[in-house]
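**Student:** Okay, predicted coordinates and the sequence, questions at the end:
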Amino acid sequence: MKTTLDILKDAKAVKRVLFSLDTETKNNALLKMADALIENQKEILEANAKDLEKAKSYYLQSIEQGDTIARTYLGN
């Protein structure tokens, strides 16, 4: 699985190519991405829920341990 840093590096690498594309091609790519998000919405939301549960668990553990980072949590 790629890390966020890997994804950002990949995005930077294709930046020049994307800037050279015409508007219609870029718009078509954006529409395809939107379609993919809609098609995979259930899986995306399920993965997001799992991530939120992990974050919540980490937050609760850090409170118990008195970690400073837990004190900066601003959520519900």
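**Tutor:** In hand now; what should we look at? Numbering: from 1, shown residues only.
**Student:** C-alpha only now, for contacts and for neighbours.
**Tutor:** Noted.
**Student:** What's the local residue count around the closest residue to Lys26 other than its chain neighbours?
**Tutor:** For Lys26, ignoring the flanking residues on the chain, the nearest one in space by Cα to Cα, 6 or more residues apart in numbering is Leu18 at 7.6 Å. With neighbours defined by other Cα atoms under 10 Å, the count for Leu18 comes to 13.
**Student:** pLDDT weak spots in this structure?
**Tutor:** 63-76 (pLDDT under 70).
**Student:** Point to the residue nearest the middle of it.
**Tutor:** Geometric centre of the chain, nearest residue: Thr4, 8.1 Å, by Cα atoms, centre = their mean.
**Student:** any idea how far that residue is from Asp35?
**Tutor:** Taking Cα to Cα, to the nearest Å as the measure, Thr4 and Asp35 are separated by 23 Å.
**Student:** Identify the single longest helix in this protein, thanks.
**Tutor:** The helix spanning the most residues in the chain, taking DSSP state H as the definition, is helix 41-65.
**Student:** What is that helix packed up against?
**Tutor:** Packed against helix 41-65 by the contact rule (3 or more Cα pairs under 8 Å, 6 or more residues apart in numbering; DSSP states H and E) you find helix 68-71.
**Student:** related to what we said a few turns ago, now do the buried residues in the longest helix of the chain.
**Tutor:** Of the residues in helix 41-65, those buried under the neighbour-count criterion (16 or more other Cα atoms under 10 Å) are Tyr59.
**Student:** starting at the chain centroid, how far to it?
**Tutor:** Using Cα atoms, centre = their mean, to the nearest Å, the distance from the centre of helix 41-65 to the centre of the chain it belongs to is 14 Å.
**Student:** Stretch 4-21 too?
**Tutor:** 16 Å.
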